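Student: Just to be clear, the model below is a prediction. Sequence and coordinates:
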Amino acid sequence: MTIHSTATVHPTAIIGSQAAIGPQVQVGPYAVIEDEVVIGAGCIIGAHAVIKRFTSLGARNRVFEHTVLGGEPQDVKFKGQTSSLIIGDDNLIREFCTLHRANGEGEITRIGSRNFLMVGVHIAHNCTICDDNIFANDVALAGHIIIEDRVFLSNNVGAHQFVRFGRCAMIGGKSKIVQDVLPFFITDGNPARVRGVNSVGLRRAGFSTETRQALKEAYRLLFRSDLSLETALNHLEQIPDDNVTHLVNFIRESKRGFTRSARRKDGGLEAETLAFEK
């Protein structure tokens with residue numbers, strides 16, 4: 001066991017003999033930190049939290065009460081292989097979250113930095129979560145999901161294994177996600193449908209007026225024109241904006257297909273502006 005001299009560990013906490021606790025770490029009452037766990041500098045581990053073997057936390061993460069990090073994957077194919085959960089820096093992981101290590105020898109479930117996981121979030125085995133995301137209460141992600149940067153998942157979003165969420169996407173509450181979610185747009189509903197450009201999210205993320213206009217034009221070509229998908233993508237490739245290029249590449253690389261825009265029974269598009277977009 002390696003516990004830095006500046007760490008504070010409550011006397012009721014249980015620390016494995018092969019755990020490493022960094023400087024300025026605080027470990028609360030009845031927390032359990034198993035062997036082969038690394039806790040980076042400045043982390044705060046709440047009461048009754050459990051951090052299981054093969055889990056690594058970077059710096060300044062706050063893990064709230066009754067969270068379980070690094071549990072074995074909920075996968076019938078799992079046979080006890082050595083895998084890991086790796087978490088970056090400055091994440092907020094609220095009460096009752098469960099983040100599982102990967103399935104497969106040497107495989108990784110990876111969480112980036114500055115993510116905010118609210119109460120009861122579940123992230124399954126082999127997921128890759130990038131940076132600056134917000135997951136509201138009871139979000140449930142199946143295995144092998146990829147989430148890019150600055151994605152907002154509202155409460156009770158459920159996602160099928162192997163889907164991807166593009167950066168700066170916003171997903172409405174209780175949405176059922178079974179296909180890739182396009183970057184920069186609002187997706188909502190069950191079945192999930194693209195509803196419009198995530199204008200507020202893009203503005204808050206510091207996207208320029210020119211880029212926001214280019215993404216609105218991309219949305220128009222994809223969902224408000226009569227162009228085929230391939231023709232629309234060819235038009236988008238002529239727009240000199242890196243984010244539009246990312247959107248095109250995201251679509252072309254999709255293996256599960258992607259969410260489309262909703263249409264009324266008369267063939268027209270549904271209203272594109274949702275209350276949370278205003």
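Tutor: Thanks, I have the structure now.

Student: Quote the end-to-end distance of stretch 53-73.
Tutor: One end of stretch 53-73 to the other measures 13 Å (Cα to Cα, to the nearest Å).

Student: For the protein, which helix or strand comes out least confident on mean pLDDT?
Tutor: In the chain, the helix or strand scored least confidently by mean pLDDT, DSSP states H and E is strand 2-3, which has a mean of 94.

Student: Now do it: distance to the chain's middle.
Tutor: Offset of strand 2-3 from its chain centre (Cα atoms, centre = their mean, to the nearest Å): 31 Å.

Student: on contacts alone, who are the packing partners of it?
Tutor: strand 20-21 (3 or more Cβ pairs under 8 Å, 6 or more residues apart in numbering; DSSP states H and E). No exception for glycine: its C-beta is placed from N, CA and C like everyone else's.

Student: Which element is encountered next along the chain beyond the strand it packs on?
Tutor: Toward the C-terminus, strand 20-21 is succeeded by strand 26-27 as the next helix or strand (DSSP states H and E).

Student: In terms of secondary structure, what does that following strand contact?
Tutor: Judged by 3+ Cβ pairs under 8 Å, 6+ apart, strand 26-27 is in contact with strand 8-9, strand 44-45.

Student: partners of the host helix or strand of R110 in the sheet?
Tutor: Here R110 sits within strand 108-111, counting by DSSP H and E. Strand 108-111 pairs in its sheet with strand 84-87 (parallel), strand 128-129 (parallel), by DSSP bridges.

Student: and it, average pLDDT?
Tutor: For strand 108-111, the mean per-residue pLDDT is 98.

Student: Give me the contact list for the next helix or strand after it.
Tutor: Counting by DSSP H and E, the next helix or strand C-terminal to strand 108-111 is strand 116-117. Here strand 116-117 makes contact (Cβ atoms under 8 Å, 6 or more residues apart in numbering) with 91-94, 97, 123, 133-135, 139.

Student: please redo it, this time with the cut-off set to 10 Å
Tutor: Here strand 116-117 makes contact (Cβ atoms under 10 Å, 6 or more residues apart in numbering) with 63-64, 67, 90-94, 97, 99, 111, 123, 129, 132-137, 139, 152-153.

Student: buried subset of those?
Tutor: When the contacts of strand 116-117 are checked for burial by 16 or more other Cβ atoms under 10 Å, the buried set is 63-64, 67, 90-91, 93-94, 97, 99, 111, 123, 129, 132-137, 139, 152-153.

Student: Give me the subset of those that lies in strands.
Tutor: Among these, the members falling in strands (DSSP state E) are 63, 93, 99, 111, 123, 129, 134-135, 152-153.

Student: can I get these in TSV with distance to Q74?
Tutor: Converted to TSV, those look like this (distance: Cβ to Cβ, whole Å):
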residue	distance to Q74
V63	20
I93	18
L99	12
I111	17
I123	11
I129	17
I134	24
F135	18
F152	25
L153	19
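
Student: among those, which two are most distant?
Tutor: The most widely separated members of these, counting by Cβ to Cβ, are V63 and F152 (21.6 Å).

Student: those helices in this structure, which residues are they?
Tutor: 199-204, 209-219, 229-236, 242-252 (DSSP state H).

Student: What residues does the residue lying closest to L215 once chain neighbours are set aside make contact with?
Tutor: Leaving aside its chain neighbours, L215 sits nearest to F184 (5.0 Å; criterion: Cβ to Cβ, 6 or more residues apart in numbering). Counting by Cβ under 10 Å, 6+ apart, F184 makes contact with 150, 166-170, 197-199, 201-202, 205, 207, 211-212, 214-216, 218-219, 243-244, 246-247, 250.

Student: still on that earlier bit, what comes into contact with the strand holding R110?
Tutor: 54-58, 61, 69-70, 73, 83-88, 91, 93, 99-103, 117, 123-131, 133, 143-144, 146-147.
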